[in-house]
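Asker: With the input below, show me the fold.
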Amino acid sequence: MRSKKFFVSQSQPKQLFFITNCLTTHPIQLSNNSSYLTPSPLSLLLYILSADSHFSLSFRFSSFLSSDLSFLSKLTPRQPSQDSFPNSPLVKSMAAVRRWSEGMSSDNIKGLVLAISSSLFIGASFIVKKKGLKKAGASGVRAGVGGYSYLLEPLWWIGMITMVVGEIANFAAYAFAPAILVTPLGALSIIISAVLAHIILREKLHTFGILGCALCVVGSTTIVLHAPQERQIESVTEVWDLATETGFLFYTALVLTAVFILIFHFVPQYGQTHIMVYIGVCSLVGSISVMSVKALGIALKLTFSGMNQLLYPQTWAFTLVVASCVITQMNYLNKALDTFNTAVVSPIYYVMFTSLTILASVIMFKDWDRQTPTQIITEMCGFITILSGTFLLHKTKDMVDDYVQSGPSLTTSISMRSLKHEEEDGFDEGVPLKRQDTSRIP
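Answerer: Numbers count the residues shown, from 1 in each chain. Sure, this is the predicted structure:
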């Protein structure tokens with residue numbers, strides 16, 4: 001009898017369909033074996049999935065001589081060559097999985113765990129602090145009207161310690177993983193706070209708020225699955241070299257110019273009426289501070305591993321930049337929180353801060369140079385999904401407050417979150433979007 005050979009490939013989908021159908025009634029002959037086998041379409045497809053779909057078959061139209069089990073045991077895959085249908089979706093999927101598993105190095109995994117832990121601690125700290133504030137306000141002067149009785153409340157201090165632990169974990173995460181992975185994951189603190197506020201504080205969580213939480217989870221997962229591998233750095237001087245390259249120096253010059261223009265020209269005239277002025281200063285300075293925090297974290301990580309980086313002047317230079325940027329951020333972020341509605345400040349600040357931080361990381365550490373266009377686009381889609389969830393969660397929080405009239409609810413934030421909540425204990429969250437006109441208050 002005559003044999004007919006077929007080479008299974010993505011470029012021949014109709015042929016593959018014909019093969020899988022004819023196998024139910026026609027046995028096949030292996031290329032390097034004289035026996036005749038009759039596999040079912042299911043066994044063939046299972047083999048394709050397990051053998052990376054690179055093999056050739058010789059079909060013989062004759063009687064049944066063997067079972068699927070024999071077929072699977074005797075069929076041998078051959079090594080794929082460069083010209084073996086590289087455009088197959090299955091091949092692409094398997095390659096993507098391999099790239100992801102290789103890309104998730106031990107440092108990336110450590111950074112991921114630290115970032116998630118940071119969100120858990122910080123998200124929970126807001127609830128514990130709020131419980132402490134309520135308990136202290138019941139027996140003394142409320143923090144919102146200038147009281148400090150909460151300083152004597154152990155529950156409030158537990159919340160503060162929890163927040164400090166979360167910020168330490170967030171700081172350490174930047175030492176192990178790229179900023180493009182760590183920074184967007186700060187949105188998970190919103191979910192933790194919203195869920196715990198619903199359970200512990202009995203604050204209503206709108207149905208669309210639940211959808212917002214789900215979007216944050218989906219977006220975060222997308223970014224984690226496509227995050228670039230952390231650059232291997234052996235000395236803080238390498239980070240300094242990256243920071244002093246032309247591209248990042250140009251970005252830094254633009255940031256400093258914009259910050260000075262905002263502070264000396266726009267803040268005096270529009271700071272109290274336009275929310276973007278204060279948030280613009282915080283976000284621009286924040287992008288530089290995160291790069292410095294990452295550099296300082298890398299220096300400390302190397303120092304703890306036995307390579308002392310404290311001897312290099314670059315380490316102390318990064319420390320000085322971190323201190324300056326954090327003080328500036330704290331100052332103008334507190335002004336924004338004290339002037340405008342926190343539910344508006346938080347999502348806008350998250351969008352600007354995270355976007356500029358990702359841009360700074362791409363320029364300085366060249367994260368996207370180690371990724372394909374598909375991975376980059378997927379990361380951006382994940383980021384946009386997180387933004388959508390963040391805005392939806394904050395918006396529906398206001399909807400619940402207005403509808404149920406259950407009083408002021410917990411407002412959470414993301415990324416550099418302890419800075420945002422420095423003033424949480426000293427103002428009422430029911431501040432309108434526009435500047436408060438104190439002259440009208442009797």
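Asker: by contact count, what packs against the one helix or strand residue 192 maps to?
Answerer: Residue 192 is part of helix 188-199, with elements assigned from DSSP states H and E. Helix 188-199 sits against helix 106-139, helix 207-225, helix 373-404, with contacts defined as 3 or more Cβ pairs under 8 Å, 6 or more residues apart in numbering; DSSP states H and E. C-beta here means a position set from N, CA and C on the backbone, and glycine is covered the same way.
Asker: Tell me how far residue 169 lies from residue 175.
Answerer: For residue 169, the distance to residue 175 (Cβ to Cβ, to the nearest Å) stands at 11 Å.
Asker: neighbour-wise, which of these two wins?
Answerer: Neighbour count, other Cβ atoms under 10 Å: between residue 169 and residue 175, residue 175 has more, with 24 against 19.
Asker: Skip the chain neighbours and tell me the closest residue to that one.
Answerer: When the adjacent residues along the chain are set aside, residue 175 lies closest to residue 297, with 3.1 Å between them (Cβ to Cβ, 6 or more residues apart in numbering).
Asker: and the host helix or strand of the one you found, what does it pack onto?
Answerer: Taking DSSP H and E as the definition, one finds residue 297 inside helix 275-304. Secondary structure elements in contact with helix 275-304, counted by 3+ Cβ pairs under 8 Å, 6+ apart, are helix 154-176, helix 179-182, helix 236-243, helix 246-261, helix 267-270, helix 313-339, helix 342-365.
Asker: what does the third one contact?
Answerer: The contact list for helix 236-243, computed with Cβ atoms under 8 Å, 6 or more residues apart in numbering, reads 233, 248-249, 291, 294-295, 298-299, 302, 309, 312, 314-315, 317-318, 364-366.
Asker: switch the cut-off to 10 Å
Answerer: The contact list for helix 236-243 (Cβ atoms under 10 Å, 6 or more residues apart in numbering) reads 231-233, 235, 248-249, 252, 288, 291-292, 294-300, 302-303, 307, 309-318, 321, 363-366.
Asker: which of those residues are buried?
Answerer: For the contacts of helix 236-243, a neighbour count by 16 or more other Cβ atoms under 10 Å gives the buried set as 231, 233, 248, 252, 288, 291-292, 294-300, 302, 309, 314-315, 317-318, 321, 363-365.
Asker: for this structure, which spans come out with low pLDDT?
Answerer: Within the chain, the segments meeting pLDDT under 70 span 1-104, 143-146, 342-343, 397-442.
Asker: Could you check how far the closest residue to residue 354 other than its chain neighbours is from residue 117?
Answerer: Spatially, and ignoring its direct neighbours in sequence, residue 354 is nearest to residue 183 (5.2 Å; Cβ to Cβ, 6+ apart). Taking Cβ to Cβ as the criterion, residue 183 is separated from residue 117 by 15 Å.
Asker: Residue 308 now?
Answerer: 27 Å.
Asker: Wait, residue 272 touches residue 266, no?
Answerer: No: with contacts counted by Cβ atoms under 10 Å, residue 272 stays clear of residue 266, the gap being 11.0 Å.
Asker: what do the two both touch?
Answerer: If you check residue 272 and residue 266 against Cβ under 10 Å, 6+ apart, the residues they both contact are residue 278.
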